[in-house]
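*Asks:* Got a predicted structure here, sequence first:
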Amino acid sequence: MAEKWTKQQEQAISSYGHNILVSAGAGSGKTAVLSERVYKLVGERKIDVDHLLVLTFTNKAAAEMKLRIRDKITKDQEGLFQSEEEKRDQINKIDSSFIMTFDAYALFLVRKYHSLLNTDRDLNVIDANILSEKQEEVLDEIMREAYLEKDPLFLEMIGTYCVKDDRDIRSLIFKKIGRA
């Protein structure tokens with residue numbers, strides 16, 4: 001069953017020779033349009049899927065895009081591929097393609113050109129959950145040392161600002177660093 005495309009969607013799918021930007025609200029068919037565009041570029045124009053740059057805002061959207069493209073090439077309902085080998089070749093390139101989030105692509109570029117940027121090749125982006133856990137570990141260690149050393153200023157602060165335990169101080173510290 002062929003999908004029904006709006007005039008603008010059809011234009012985004014079949015417009016060649018320049019880059020396009022597909023920008024629309026949630027549920028409007030952006031992923032379907034971009035998946036169809038990639039399918040056509042790979043099948044009709046014979047552009048390897050790993051030579052395209054398709055950027056999204058979320059990992060979920062990038063994963064969905066790869067899944068849909070893989071499905072379209074596998075089914076090849078329009079008969080754009082001449083052989084099973086040609087389809088298999090493109091399908092095998094999907095996971096290493098540049099269908100990813102903006103930030104993943106930026107990280108790729110920073111790593112690739114790390115020497116020009118004078119940065120470490122192993123530079124990474126830290127996940128908010130990992131950062132939060134690390135902050136708690138560091139605070140635990142600092143407070144444990146202060147308790148063990150019986151630091152008088154620390155113990156005075158705990159006695160002054162805490163009623164039952166040191167949770168109030170922890171909350172204030174995390175509030176100060178924007179983790180309330």
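*Replies:* Now that the structure is in, tell me what you want to look at.

*Asks:* what about the residue lying closest to residue 37 once chain neighbours are set aside, neighbour count?
*Replies:* Distances taken as C-beta to C-beta, 6 or more residues apart in numbering put residue 13 closest to residue 37, at 4.9 Å, once the chain neighbours are dropped. For glycine as for every other residue, the C-beta is placed from the backbone atoms N, C-alpha and C. Neighbourhood size, residue 13 [other C-beta atoms under 10 Å]: 21.

*Asks:* these two touch, right, residue 13 and residue 7?
*Replies:* No. Counting by C-beta atoms under 8 Å, residue 13 stays clear of residue 7, with 10.9 Å between them.

*Asks:* Could you pull out the helices in the protein for me?
*Replies:* 7-14, 30-43, 59-75, 84-93, 102-112, 114-117, 128-148, 152-161, 167-176 (DSSP state H).

*Asks:* who are the neighbours in contact with the closest residue to residue 93 other than its chain neighbours?
*Replies:* Leaving out its chain neighbours, the residue that sits closest to residue 93 by C-beta to C-beta, 6+ apart is residue 50, at 4.3 Å. Residue 50 is in contact with 93-94, 96-98, counting by C-beta atoms under 8 Å, 6 or more residues apart in numbering.

*Asks:* let's go with 10 Å and repeat that
*Replies:* Contacts for residue 50 (C-beta atoms under 10 Å, 6 or more residues apart in numbering) come out as 42, 90, 92-99.

*Asks:* Give me the contact list for stretch 120-127.
*Replies:* Taking contacts as C-beta under 10 Å, 6+ apart, the residues outside stretch 120-127 that touch it are 103-104, 106-107, 110-115, 117, 132-134.

*Asks:* Tell me the buried residues within the residues you listed.
*Replies:* For the contacts of stretch 120-127, a neighbour count by 16 or more other C-beta atoms under 10 Å gives the buried set as 104, 110.

*Asks:* could the contacts of stretch 120-127 go into TSV alongside pLDDT and distance to residue 64?
*Replies:* Shown next, in TSV, are the contacts of stretch 120-127 (pLDDT from 0 to 100; distance: C-beta to C-beta, whole Å):
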residue	pLDDT	distance to residue 64
103	90	17
104	91	15
106	92	21
107	91	20
110	93	25
111	92	25
112	94	26
113	95	29
114	93	30
115	93	35
117	92	31
132	84	27
133	86	28
134	87	31
